[in-house]
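Engineer: Got a predicted model here, sequence first, then my questions.
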Amino acid sequence: MSATTLLPLAVAIPLLGAVLLAVGGRLLPRAGCDALATAVAAADVVCLALLWPHTQGVAAAPLGGWPAQMGIVLVADRPGAGLALLAAVLVLAVVVYSWRYFDEPSGERVGVFPAMVLLFEAGMVGFALTGDLFNAFVFFELMGATAYALTGYRIEDPRPLQGALTFGIVNSFAAYCSLLGIGLLYAHTGQLDLAAMGRALSGHHTDLLVVTAFVLVITAMLVKAALVPFHFWLPDAHAVAPTPVCMLLSGVMVELGVYGIARIYWTVFSGPGGIPHDAFRHTFTALGVVTALTGAAMCWQQRHLKRMLAFSTISHVGLFTVGIALLTPDGAAGAALYVAAHGCVKAALFGLTGVLLDRYGSVDEHGLYGRARELRLVGVLFVVGAVALAGLPPFGTGLGKALTEDAAGHEQPWLPAVFVVASAATGAAVLRAALRVFWGVGVAPRRRADAQETSGEGEEPEIRGPRRSVPPMMVAVPAALLVGTALLGCVPAVAASLASGARTFTDPAAYRAAVLTPGAARGASGVPVPDVWTATGALLGVLSAALAVLLAVLATRRPPAQHRTLRAAARGLRRLHSGHLGDYLAWLALGVAALCAVIAAQT
C-alpha cells in the first residue's frame, strides 16, 4: 500500500474503532469489547508499521486531492511516524493490560473506556502526522479532551474528578493561547499549512509579532510536555488517573508536546523571518536543564509511587528538550530514540505500580514496606525498569541518553553531567522504592504525616476483587515493554533509521519541497549520525546506573542527612506544588510572558 493510502488510514482506524465500541459496547459482552478494541489497536500498529518504509524521506498525502496551500495534508517522516507508531504500540499494550481491569462486566459503560482510549490514539496519531497547523490544534485538543475524560474516569471518586478538572482548565487555558497564536500567524502569512507558512514567513523580518506568535502557538505544547513552569498539573493528574491512562500520559502524550515544539520550530520558524537558532538553542537548553533538575529533585522526595513516576517523566522531558534544542541531527536522533525507549519503560513501571495498587490498595512507598515480598516477579521487573530509567546499557534508554549526551557535549561540555545527575536521581528513587516495597531492604521508614507530602495510602483499588490473583496480562505487558526497550538498544538498525530520519527532520527545505512540490527530492544529505554504542556513552550509562544503585541503597539504610539549605530548598519546591488551580494558571501566564521577553531580547 502507498503512503497516500496509509496516512489517512492510520487516523481513520482508531476513529472507526471508537465509534464501533461506543455504539456496539452496550450490545457486546465484556470479552467481545476487549477483543474488538484489541483488534482495532493491532490493526493500527500494522498500518503504521507498513508506513515506516515509506518514510526514508518525507511522505505526503493531500486529503481530497487538494494541494497543501489550499487543503489539509498529512505528512510522515521518521520522527513523526515513529512517534505515531509508539503511540499505537502503547495503546495496544494498554488495551491488553486492561482486559478484565475495570469492574463493568456488562451494561452501558462496558465499551466506554476502550472507546475513549482509541479516540485518544486517533488524536495522538493525527497530531504526529498532520502537516497543517490548525489541523494539529484540532488533533491536539481531541487528544486533550479525551485525556481529561480518561483522568476522571472514576466519577464516583471526587479525587480523579478534581485532578481531571485541574488538568482540563490548565490545558484549555494553554489551548486558547495557541489558538490566538495561530490566528496571528494566519493574519501574518495567509497560510495554515506548516510548509507554506514557513516559506511565507521567510519573506518577512523577525519582529515582536513573530516572537509572540511563536510563544503563543507552542504554549499548548509546553503545557502538554510539562516543562517547568508549565508542569504543575501533571503530578496531580497522574496521582489520580487510572493506571492504564498514566501509561499513555507519561509514555507518549508528554513526548508529543516536545515533538510539537521541534516540528513547529523547524518547519515554520527556523528560517529567515523566524526565530534565530541561537535564541531558540539558548532558551530551550536552559528550560530543559531547569526542568530536568527540578523533576529529579521532586522525584527523589516522593513516597507516592505514581507521583514519583510523574516527576521522573518531567525530569526526562527536560533531557529530551535539551536534545532537540541542540538543533543538530545527532541531537534529534538521540532524543527520538530516548523518547521511544523511555515511553516503553515508563508505561511498564506504571503498569507494575497498578499491580501494587490493586493488590494492596496503596501506592505509598512507606506503607508498602516489605508487604509485596510475594510478588517477586513484579519486583524484579520493577528493578529492571529502574536501572533502565537510569540509562544502563544495553537498554534503549541508555543508547538514547548516550547519543544525546554526545551531541550535547559537543555544544556545552557540562551538559552530559546534567544527563548523568537527572537519570541517576530518578532511577535511584524508583529503585529505592522497589527495594523497600518488594524486599523490605533497610530500616523501615517512619510513616509520619506531613501536610506537604502526598502519601499514597488509602487509594481506591481499580479492580474490584482484591482476593483474586493478579491478572496475567498485568505482568506480561510490562515485561514485554521492557524487552522492547532492550531491543531498541541492541538492534543497530533502529538507531540508524532514526539517525537517517533526523537529517530530514532538521532540513526544512526537504520538508517543504516534499509537501509543496510533489515529486521533488524527499531525502536530505548530511554527515552520518552515530548510531551505535561508544565507549564514552556506555561508561556514562554505567556511571548513571551505578550512582542510582548507590543512592538507593544508602537511602534504604538511613534517611540521607541534608544541609539546612537543601532542606529549605526542598520545602520551597514542595510549596510551589500547592495543588491550587489559581497558582498553576499564574505560573503558566508568567512562563508565557517570560519566554516572550527572553526570546525577544535575543532576536
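Structural biologist: Received the coordinates, thanks. As the structure is a prediction and not an experimental result, all values here were calculated from the model.
Engineer: didn't Leu208 look like it was pressed against Ala597?
Structural biologist: No: using C-beta atoms under 8 Å, Leu208 is not in contact with Ala597, being 10.4 Å away. In this view, the C-beta of every residue, glycine as well, is placed from N, C-alpha and C.
Engineer: Name the nearest residue to Tyr97, sequence neighbours excluded.
Structural biologist: Counting by C-beta to C-beta, 6 or more residues apart in numbering, Tyr97 lies nearest to Val477, which is 4.3 Å off, once chain neighbours are set aside.
Engineer: Okay, that neighbour and Gly409: tell me how far apart.
Structural biologist: 36 Å (C-beta to C-beta, to the nearest Å).
Engineer: between the two, which one's more packed in?
Structural biologist: Counted by other C-beta atoms under 10 Å, Val477 and Gly409 do not tie: Val477 has more neighbours, with 26 against 16.
Engineer: by contact count, what packs against the host helix or strand of that one?
Structural biologist: In this assignment (DSSP states H and E), Val477 forms part of helix 473-490. Identification of packing neighbours for helix 473-490 by 3 or more C-beta pairs under 8 Å, 6 or more residues apart in numbering; DSSP states H and E yields helix 78-97, helix 329-360, helix 376-389, helix 396-411.
Engineer: which residues touch the nearest residue to Val170 once chain neighbours are set aside?
Structural biologist: Nearest residue to Val170 in three dimensions, chain neighbours excluded: Trp233, at 4.5 Å (C-beta to C-beta, 6+ apart). Neighbouring residues of Trp233 by C-beta atoms under 8 Å, 6 or more residues apart in numbering: Thr166, Phe167, Val170, Asn171, Val223, Ala226, Tyr584.
Engineer: go again using 6 Å as the cut-off
Structural biologist: Residues near Trp233 by C-beta atoms under 6 Å, 6 or more residues apart in numbering: Thr166, Phe167, Val170, Tyr584.
Engineer: among those residues, which two are most distant?
Structural biologist: Greatest spacing in these, by C-beta to C-beta: Phe167 and Tyr584 (10.0 Å).
Engineer: picking that back up, can you tell me how far the residue nearest to Val170 sits from Thr166?
Structural biologist: As judged by C-beta to C-beta, Trp233 and Thr166 stand 5 Å apart.
Engineer: same question, Gly351
Structural biologist: 24 Å.
Engineer: Mind listing what's buried along stretch 180-197?
Structural biologist: With burial defined by 16 or more other C-beta atoms under 10 Å, the residues of stretch 180-197 counted as buried are 181-182, 184-185, 188-189, 191-197.
Engineer: Centre of the chain to it, how far?
Structural biologist: Taking C-alpha atoms, centre = their mean, to the nearest Å, the mean C-alpha location of stretch 180-197 is offset from the chain mean by 27 Å.
Engineer: What strand or helix carries the residue nearest to Cys47 when sequence neighbours are not counted?
Structural biologist: In space, and not counting its chain neighbours, Cys47 is closest to Ala10: 5.0 Å by C-beta to C-beta, 6+ apart. Ala10 belongs to helix 3-24 when assigned by DSSP H and E.
Engineer: And the next helix or strand past that helix?
Structural biologist: Using DSSP H and E, the next helix or strand after helix 3-24 towards the C-terminus is helix 30-51.
Engineer: who does that following helix touch, helix- and strand-wise?
Structural biologist: On a contact count with 3 or more C-beta pairs under 6 Å, 6 or more residues apart in numbering; DSSP states H and E, helix 30-51 meets helix 3-24, helix 78-97.
Engineer: Ok, which of those helices comes nearest Ala35?
Structural biologist: Distance to Ala35, taken as C-beta to C-beta, is lowest for helix 78-97 among the helices and strands packed on helix 30-51, at 10.0 Å.
Engineer: List the buried residues in the closest one.
Structural biologist: For helix 78-97, a neighbour-count test (16+ other C-beta under 10 Å) marks 78-97 as buried.
Engineer: next one: stretch 396-413
Structural biologist: Within stretch 396-413, the residues that qualify as buried are 396-409, counting by 16+ other C-beta under 10 Å.
Engineer: Redo those as TSV? Include distance to Ala509 and pLDDT.
Structural biologist: Output for the buried residues of stretch 396-413, formatted as TSV (distance: C-beta to C-beta, whole Å; pLDDT from 0 to 100):
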residue	distance to Ala509	pLDDT
Gly396	30	93
Thr397	32	94
Gly398	34	94
Leu399	29	93
Gly400	27	93
Lys401	30	95
Ala402	30	93
Leu403	24	93
Thr404	25	94
Glu405	29	93
Asp406	26	92
Ala407	22	92
Ala408	25	92
Gly409	28	90
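Engineer: and which of those is nearest Arg154?
Structural biologist: Arg154 lies nearest to Thr397 out of the buried residues of stretch 396-413, by C-beta to C-beta, at 31.2 Å.
Engineer: Ala341 is in contact with that closest one, correct?
Structural biologist: Yes: Thr397 lies in contact with Ala341 (C-beta atoms under 6 Å); the separation is 4.3 Å.
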